[in-house]
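Colleague: can you look at this prediction? I've put the sequence above it.
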Amino acid sequence: MQHTQDELKYWLALLFAKDVGPATAKRLLAAFGSPEAVFRASLRDLTGVDGVGEARARQITDFAAWDRIDRELSAIRKLCTDIILYPDAEYPESLRPYDDAPLVLYKKGTLAESDRYAVAIVGSRRMSEYGRKAADLMARGLAEKGITVISGFARGIDTTAHRGALSVGGRTIAVLGCGIDRSYPSENRPLFEEIPANGCLISEFPVGTPPVKENFPRRNRIISGMALGVLIVEAAEGSGSLITADYALDQNKEVFAIPGPISSANAKGTNQLIQKGAKLVGRVEDILEELAPKLRGMLRSSSSSPAAFQPQLEITPEEGAICTVLGDDPKQVDLIARETGVPPSRLSAVLLSLEIKGVIRQHDGKRFTLV
């Protein structure tokens with residue numbers, strides 16, 4: 001969506017105003033209707049908004065950083081960077097429900113409709129070879145099914161996840177902990193240049209913001225917020241990846257973890273997550289099975305064109321046999337196996353495939369019906 005420079009000026013002023021975070025800014029917008037109206041409001045009217053005390057109100061009435069905003073707008077034009085505002089249709093719908101969702105997002109690349117179906121993959125910067133292989137396997141497998149891979153562009157697991165998705169023609173979104181003009185780490189410059197052609201770079205931080213350590217935990221809420229679920233590949237105790245897992249839990253997102261050797265420091269965090277109830281993952285299908293209700297009818301086969309994102313409608317003979325014995329009354333798995341002759345070792349996978357295609361529905365107690 002195109003915005004006038006005056007519109008952007010006041011949105012950026014809300015972003016730059018001290019002590020006015022996203023939640024407070026949204027209350028102000030609800031009260032006054034637009035950022036410009038917020039900055040034209042009186043101190044008395046501002047303090048009448050819930051959660052806006054006199055100190056915050058004065059940050060708005062005394063705001064004087066308009067020169068900084070002019071420089072920001074000039075930098076945005078030179079970088080050919082897009083600005084997405086909270087009310088815009090392009091703003092990620094999955095982020096909207098959260099009070100701390102950013103008011104302004106800087107973007108290079110494209111956000112596609114299919115990005116609603118995304119999984120975040122995050123993990124250790126100091127990954128092991130085991131972690132690298134696992135992250136690559138999961139990213140490739142998800143991307144081949146049309147799932148967008150989201151990560152934080154950090155060294156190690158994050159970088160591997162982005163590259164794995166791109167290697168099979170998939171889409172990936174990198175959420176940066178610095179300004180949209182900065183490639184951090186510097187060795188990721190080629191990846192920084194490649195991602196916008198097959199996804200996008202996103203940042204909530206103004207142009208030129210350095211990659212200071214406090215930015216990275218903050219950006220993790222966007223990573224989890226834009227995803228249907230978060231996969232932790234490797235994480236030591238106290239790892240930043242565990243912060244992403246915490247955000248995911250707060251946002252009612254699925255949390256997945258790959259187990260590791262008990263002797264590995266990088267596995268302590270993931271193994272603890274599994275102990276606390278995270279879904280143990282050993283293959284891509286473990287993730288798809290858990291997310292099946294949200295993915296119904298949207299996955300593509302691995303052999304599909306990478307650019308095509310469409311329902312997978314082909315029904316195999318085994319799937320057809322199952323459909324013939326199902327109806328409106330839920331049937332147990334063991335009864336389905338007896339009536340169809342599909343081997344129990346295959347049945348779970350075939351049922352999962354049909355559920356993802358939107359043909360059948362699972363009920364409590366592993367019972368199934370046609371949709």
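Modeller: Cool, got the structure.
Colleague: residues in contact with K294?
Modeller: For K294, the contact set (CB atoms under 8 Å, 6 or more residues apart in numbering) comprises Y117, L228. Bear in mind the C-beta positions are built from the backbone N, C-alpha and C, glycine included.
Colleague: host element of the closest residue to E90 other than its chain neighbours?
Modeller: Closest residue to E90 apart from its sequence neighbours, by CB to CB, 6 or more residues apart in numbering: I84 at 5.3 Å. Element membership for I84 (DSSP states H and E) is strand 82-85.
Colleague: what's the burial count for the residue nearest to E90?
Modeller: 20 (other CB atoms under 10 Å).
Colleague: what's across from it in the sheet?
Modeller: Here I84 sits in beta bridges with L105, going by DSSP bridges.
Colleague: go ahead and confirm it touches L105.
Modeller: Yes. Using CB atoms under 8 Å, I84 makes contact with L105 at a distance of 4.3 Å.
Colleague: identify the contacts common to the two.
Modeller: Joint contacts of I84 and L105 (CB under 8 Å, 6+ apart) are Y91.
Colleague: how about D99, what does it touch?
Modeller: Neighbour list for D99: P22, A23, K26 [criterion: CB under 8 Å, 6+ apart].
Colleague: need the helices for the stretch 201-350 of the chain, in chain order.
Modeller: Taking DSSP state H, counting those that start in this stretch as the criterion, the stretch 201-350 of the chain contains helices spanning 215-225, 240-250, 265-275, 284-295, 317-325, 333-340, 344-356.
Colleague: JSON lines for those, including distance to R163 and mean pLDDT?
Modeller: Below are the helices of the stretch 201-350 of the chain laid out as JSON lines (distance: least, CB to CB, whole Å; pLDDT from 0 to 100):
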{"stretch": "helix 215-225", "distance to R163": "17", "mean pLDDT": "95"}
{"stretch": "helix 240-250", "distance to R163": "18", "mean pLDDT": "92"}
{"stretch": "helix 265-275", "distance to R163": "19", "mean pLDDT": "92"}
{"stretch": "helix 284-295", "distance to R163": "17", "mean pLDDT": "89"}
{"stretch": "helix 317-325", "distance to R163": "34", "mean pLDDT": "84"}
{"stretch": "helix 333-340", "distance to R163": "38", "mean pLDDT": "90"}
{"stretch": "helix 344-356", "distance to R163": "26", "mean pLDDT": "84"}
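Colleague: count of residues packed around the closest residue to Y130 other than its chain neighbours?
Modeller: Once flanking residues are discounted, Y130 sits nearest to G260: 6.7 Å by CB to CB, 6+ apart. The number of residues packed near G260 is 22, by other CB under 10 Å.
Colleague: and G260, what does it touch?
Modeller: Y130, G131, E234, N266, A267, T270, N271.
Colleague: by residue count, what's the longest helix in the chain?
Modeller: Scanning the chain for the helix with the most residues, using DSSP state H, yields helix 129-144.
Colleague: so what secondary structure elements neighbour it?
Modeller: strand 118-122, strand 148-151, helix 157-167, helix 284-295 (3 or more CB pairs under 8 Å, 6 or more residues apart in numbering; DSSP states H and E).
Colleague: could you dump those to a markdown table with distance to W66?
Modeller: Formatted as a markdown table, the helices and strands packed on helix 129-144 follow (distance: least, CB to CB, whole Å):
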| stretch | distance to W66 |
| --- | --- |
| strand 118-122 | 37 |
| strand 148-151 | 35 |
| helix 157-167 | 36 |
| helix 284-295 | 44 |
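Colleague: quick check: T160 touching R132?
Modeller: Yes. Counting by CB under 8 Å, T160 touches R132, with 5.4 Å between them.
Colleague: so between those two, which is more surrounded?
Modeller: The neighbour count for T160 versus R132, taken as other CB under 10 Å, is higher for T160 (24 against 19).
Colleague: list the buried residues in stretch 44-62.
Modeller: Of all the residues in stretch 44-62, those buried under the rule 16 or more other CB atoms under 10 Å are D45, L46, V49, V52, R56, A57, Q59, I60.
Colleague: as TSV, those with distance to L354 and pLDDT would be great.
Modeller: Formatted as TSV, the buried residues of stretch 44-62 follow (distance: CB to CB, whole Å; pLDDT from 0 to 100):
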residue	distance to L354	pLDDT
D45	58	96
L46	56	96
V49	51	94
V52	52	92
R56	54	92
A57	57	95
Q59	56	94
I60	55	95
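Colleague: what's the most distant pair in those residues?
Modeller: Based on CB to CB, the longest span within those runs between D45 and Q59 and measures 14.7 Å.
Colleague: which residues touch the residue nearest to E90?
Modeller: With CB under 8 Å, 6+ apart, I84 has these contacts: E90, Y91, V104, L105, Y106, K107, L111.
Colleague: for it, report the pLDDT, please.
Modeller: I84 carries a pLDDT value of 96.
Colleague: likewise V371?
Modeller: V371 is given a pLDDT of 74.
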